[in-house]
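[1] Build me a model:
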Amino acid sequence: MPLSLISPEFIIRRDPDLCIECGVCTRQCSFGGQIVNPDDGTISSDEAVCVGCQRCATLCPTGALTIVQREEQGRAHPLWTTHVQREIARQAESGGMLLTGMGADKTFPIYWDRLFLNASQVTNPSIDPLREPMELRT
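    This is a model prediction of the structure:
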């Protein structure tokens, strides 16, 4: 893997007293964040490829792994937040656009949770609800 000047987004902490080096984390990490040394069988972590999915930490039988998000580093700026600066650095380093699911990597407000339909204001209440059903459509 080429050298990256961007600090890893997640920190992998392994408790050596709890780790029994069973290799569950290496089999479960699909990004290659947990590595077994073929010479002596020890397990090490590569934080540069960790995406913070927590799969290795969740499936560790002894709870030896902890994945935490690294504090953002950089100068505070009202428009150029550290998140924006990190994304620009990733694009500059890779030479391409960052793609995410649905084309958006930020959360959007969920308006469906705040939607309130008062049917009595939409139409006159039905005189006979059995013969005059009311339907709401969006």
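[2] Which parts of this structure are strands?
    10-14, 34-36, 43-45, 65-69 (DSSP state E).
[3] Tabulate these in CSV, adding columns for distance to Arg137.
    Where you see a C-beta, it was placed from the backbone N, CA and C, and this is true even at glycine. Listed next are the strands of the chain as CSV, based on distance: least, Cβ to Cβ, whole Å:
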stretch, distance to Arg137
strand 10-14, 45
strand 34-36, 50
strand 43-45, 52
strand 65-69, 42
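[4] Make CSV from these and add mean neighbour count and distance to Gly96 to it.
    CSV is the format used below for the strands of the chain (neighbours: other Cβ atoms under 10 Å; distance: least, Cβ to Cβ, whole Å):
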stretch, mean neighbour count, distance to Gly96
strand 10-14, 17, 22
strand 34-36, 18, 27
strand 43-45, 17, 27
strand 65-69, 16, 24
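[5] Dump the ones you listed to JSON lines, plus mean pLDDT.
    Formatted as JSON lines, these follow (pLDDT from 0 to 100):
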{"stretch": "strand 10-14", "mean pLDDT": "93"}
{"stretch": "strand 34-36", "mean pLDDT": "91"}
{"stretch": "strand 43-45", "mean pLDDT": "92"}
{"stretch": "strand 65-69", "mean pLDDT": "93"}
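[6] closest one to Gly95 among these?
    strand 10-14 (23.5 Å; Cβ to Cβ).
[7] relative to strand 65-69, how tilted is that closest one?
    160 degrees (axes from the mean of the first three to the mean of the last three Cα atoms, to 10 degrees).
[8] For the chain, give me the ranges with low pLDDT.
    Applying pLDDT under 70 to the chain flags residues 1-2, 73-74, 101-105, 118-136, 138.
[9] Now do the helices in it.
    Ranges of helices in the chain, per DSSP state H, are 24-28, 55-59, 82-94, 119-122.
[10] And the ones you listed: which comes nearest Leu3?
    That would be, of the helices of the chain and by Cβ to Cβ, helix 82-94, which comes in at 9.9 Å.
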